[in-house]
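Peer 1: Quick check, what structure comes out for this input:
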Amino acid sequence: MDEANNRWLSSGELDAWLAYVAASTLLEAALDRQLQRDSGMPHAYYQILAMLSEVPGRTLRMSDLAAITQSSQSRLSHAVSRLERNGWVRREPCPDDRRSTFARLTDAGFRALESAAPGHVDEVRGRMFDRLTCEQVAQLRAICGAMLEGLRGDAAPCPGPDVRPTGRAAQP
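Peer 2: Residues are numbered from 1 along each chain as shown. As a prediction, this is how the structure comes out:
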């Protein structure tokens with residue numbers, strides 16, 4: 001390692017980094033515990049159901065679903081298999097491309113999501129937004145947007161705006 005070319009974090013940057021890592025790790029764990037306890041599903045499954053609930057026909061290509069849930073293809077496939085066993089998602093072959101598969105949210109899956117959403121949103125509010133001012137929420141949105149812009153340059157492009165969550169069921 002070339003010591004002369006390293007850009008070490010300043011004291012303030014290191015404090016911010018450690019606070020971010022701790023907060024994001026603890027928040028994810030709290031959200032996962034709440035969803036497991038109240039709805040019998042991990043946070044990752046909730047995100048899959050929520051993303052499917054927000055698109056036309058409640059259907060996405062598995063590759064697009066992996067991109068918007070920030071999941072690997074293999075991890076998503078495992079999760080969708082579990083969701084299929086619950087009757088919440090159904091896989092369907094893509095008629096135009098035999099290499100692709102669609103994931104479709106079933107009515108039972110939508111009901112499970114609707115049932116889980118109020119408790120999940122309460123948890124997100126209590127753990128995060130109720131602790132922030134309106135100005136801090138705007139700052140957080142701007143900070144995360146800047147981070148995402150840099151991170152997306154390193155990864156496969158995410159699907160276009162037509163697959164971003166917009167409704168109540170997909171909130172956090």
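
Peer 1: remind me, longest helix of this protein?
Peer 2: Ordering each helix of the chain by length in residues (DSSP state H) puts helix 11-39 first.

Peer 1: Name the residues of it that come out as buried.
Peer 2: 30-32, 34-35, 39 (16 or more other CB atoms under 10 Å). To be clear about C-beta, it is placed using only N, CA and C from the backbone, and glycine gets the same treatment.

Peer 1: just the CA coordinates of the host helix or strand of L76, formatted as CSV?
Peer 2: L76 is located in helix 73-85, with elements delineated by DSSP states H and E. Provided in CSV are the C-alpha atoms of helix 73-85 (Å, rounded to 0.1, in the frame of the first residue of the first chain):
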residue,chain,number,x,y,z
GLN,A,73,-29.8,-12.5,-8.6
SER,A,74,-29.2,-15.6,-6.4
ARG,A,75,-30.4,-14.0,-3.2
LEU,A,76,-33.5,-12.6,-5.0
SER,A,77,-34.2,-16.1,-6.5
HIS,A,78,-34.0,-17.6,-3.0
ALA,A,79,-36.3,-15.0,-1.5
VAL,A,80,-38.9,-15.3,-4.4
SER,A,81,-38.9,-19.1,-3.9
ARG,A,82,-39.9,-18.5,-0.3
LEU,A,83,-42.5,-15.9,-1.2
GLU,A,84,-43.9,-18.4,-3.8
ARG,A,85,-44.3,-21.0,-1.1
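
Peer 1: Report the angle between the next helix or strand after it and helix 73-85.
Peer 2: Using DSSP H and E, the helix or strand that directly follows helix 73-85 along the chain is strand 89-93. Relative orientation of strand 89-93 versus helix 73-85 (axes from the mean of the first three to the mean of the last three CA atoms, to 10 degrees): 120 degrees.

Peer 1: This completes my enquiry, with thanks.
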